[in-house]
Every structure is written in C-alpha cells, then in structure tokens.
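J.: next input, structure requested:
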Amino acid sequence: MLARQRQAAILERVRATGGVRVTELAAEFCVSDMTIRRDLETLHEQGLLAKVHGGATVAGSTDEPGFRAKSVRESAEKAAIATRAARLVRPGGAVALSAGTTTAELARRLVDVPGLTVVTNSLPVAEILHVGGRPDQTVVLTGGVRTPSDALVGPLAVSAIGALHLDLLFLGVHGISERAGFTTPNLMEADTDRALVAAADRLVVLADHTKWGTVGISSIVPLDAADVLITDDQLAPDARRVLGEKVGELVIVGTTGRATAEAAE
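T.: Predicted coordinates for the structure are as follows:
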C-alpha cells in the first residue's frame, strides 16, 4: 500500500471512531510505529487530524470526545494512576467505577480481585470485568441512556444507584478547577455521577494533569468532596497547592508507578 493510500485509510478510521492508536495501526498495516507516526504527522500538518500521545483524534471537534478518542490521550499517566488506585481495593469489597478511560484502566487491574462487587455506568468497564474477571466477582451495570463516552446516564441510572451502599467510588472527570470543582460536559452524566458519590462511603477521583483548568458545563461536586485525588507528576505547582489544600489527600504518581501523598492540613 502506498503512503497516500495508507494515510487516507487512517483518516477514514479516525473520522469513523474518533481516535486511533499508533500500535494498532502499525499492526494492521504491517508497518513500523515510526511509519505510522510519520503518516499522522503528515495528516496533522494538513489539519486533518490532531496528534495526541500514542495516537491521533479528530481535529477541531467541539463535541464530547468518544471513549476511543480519549483512550489514546495521556495513556502512560492513566496507567500509573490506575495502578495506584487498585491498591485501595480489597477482596470482597463493593466499589463503583464511573465512566471514563482512567477508570477503564483501573478495571483491567481489578479482574483478579476475589469476591469483588463492581457497580458501574460504563459499558467498557463492564465489558472488561465480564470478559476477564473472576467467576466470584459481581458486576452491576446501572442501565440508562448511552453518551458519546459510553456512559449510561439519566433517570434509570440514578434510580438504580440510589438503592445501593458502596465502600468506594472511583470517579473519572472531564475537568477540575478551583471554582467549579470536578466537572463534566454532559448534564445527565453529572446527575448520575452525583448519585454515585451519594452512594459511596469514600470518593476517590482519578484525573491526569490535563484535567486541571478544564471546566465542563456541569459541576459534579466541589473539590473538598474528594477523600482522595490521584493524579500524575506533571501537575502544575499552583494546581498542587490548591488541590493539596482542598482535597482530603492528594496522591501524585510518577509514570514509574511511585507515588507521594500530600495530605491536606
């Protein structure tokens, strides 16, 4: 296949799915990762797609990104955050995982936890645990209306969550700011996330450094509602200061998996 033909196929894939990974494209087209990166660079320079860490997404989209598009962004940071979050889960516990690519990474690390009950409004999270999880695990999918990010939201989801009592909620968010708190671009998803917060004894927010300063249209909860916030070591100093003062415990994780905790006064 000529480079121009391969680039046209890549662009078609991005437009159809919202995002692609370098490794997947390299395997599909039987070329090196470097060749795919050059293809993506060419398409990026033409303004046809947006390069992100590990892949590419649709250029200039103002809509809520799809799950696949978001999954190629900050993948190393998300993996480190998820690895640290998994240490909080105990066998036999009842936890909730909200929708999101970081919570999906966490789900992959929970498949071997015995006796675990997981409540989720995320189709990818439910699939990961259904396919790879232990037979003694229980997965509860809330039901509801599907969003572009593969979350189930709305009155059905809120009603199902309202009858539950959970040990921990692992919450993925679209944005974090001092004024707006933890936010999402979807109004119904905010309602569903608030129901999950109310059902859980402890709230653990999972968010990489790019979420700081981003404000979605709807606030979920203020910063001080989080018992723990796990993020990565590229978080800016001013953000560390604000979050260290607001959240119960700020955990900064390096891409090597090492972490430090900064407890609030």
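J.: quick one: the helices in the chain?
T.: Secondary structure of the chain (DSSP state H): helices at 3-17, 22-29, 33-45, 67-71, 75-86, 101-108, 123-132, 155-162, 187-199, 237-246.
J.: buried set for the third one?
T.: By neighbour count, and taking 16 or more other CB atoms under 10 Å as the criterion, the buried residues in helix 33-45 are 35, 36, 37, 39, 40, 43. (C-beta placed from N, C-alpha, C; glycine too.)
J.: tell me where the model's unsure across the stretch 151-265 of the chain.
T.: Where the stretch 151-265 of the chain drops to pLDDT under 70, the residues are 256-265.
J.: the same query, at a cut-off of 50, please.
T.: 257-259, 261-265 (pLDDT under 50).
J.: could you dump stretch 25-43 to CSV, C-alpha only?
T.: These are the backbone C-alpha positions of stretch 25-43, laid out as CSV (Å, rounded to 0.1, in the frame of the first residue of the first chain):
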residue,chain,number,x,y,z
LEU,A,25,-2.4,0.9,13.1
ALA,A,26,1.2,-0.4,12.8
ALA,A,27,-0.1,-4.0,13.3
GLU,A,28,-3.0,-3.6,10.9
PHE,A,29,-0.9,-2.1,8.1
CYS,A,30,2.2,-4.3,8.8
VAL,A,31,4.5,-1.3,9.1
SER,A,32,6.6,0.2,11.9
ASP,A,33,5.4,2.5,14.6
MET,A,34,7.7,5.2,13.1
THR,A,35,6.0,4.9,9.7
ILE,A,36,2.6,5.4,11.3
ARG,A,37,3.9,8.4,13.3
ARG,A,38,5.1,10.0,10.0
ASP,A,39,1.7,9.4,8.5
LEU,A,40,0.0,11.0,11.5
GLU,A,41,2.4,13.9,11.3
THR,A,42,1.6,14.5,7.7
LEU,A,43,-2.2,14.4,8.3
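J.: buried residues of stretch 196-214, list them for me.
T.: Across stretch 196-214, burial judged by 16+ other CB under 10 Å covers 196-197, 199-200, 203-212.
J.: as JSON lines, the helices of the chain with distance to residue 168 would be great.
T.: Converted to JSON lines, those look like this (distance: least, CB to CB, whole Å):
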{"stretch": "helix 3-17", "distance to residue 168": "32"}
{"stretch": "helix 22-29", "distance to residue 168": "32"}
{"stretch": "helix 33-45", "distance to residue 168": "37"}
{"stretch": "helix 67-71", "distance to residue 168": "22"}
{"stretch": "helix 75-86", "distance to residue 168": "9"}
{"stretch": "helix 101-108", "distance to residue 168": "11"}
{"stretch": "helix 123-132", "distance to residue 168": "14"}
{"stretch": "helix 155-162", "distance to residue 168": "14"}
{"stretch": "helix 187-199", "distance to residue 168": "10"}
{"stretch": "helix 237-246", "distance to residue 168": "19"}
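J.: perfect, I'm done here.
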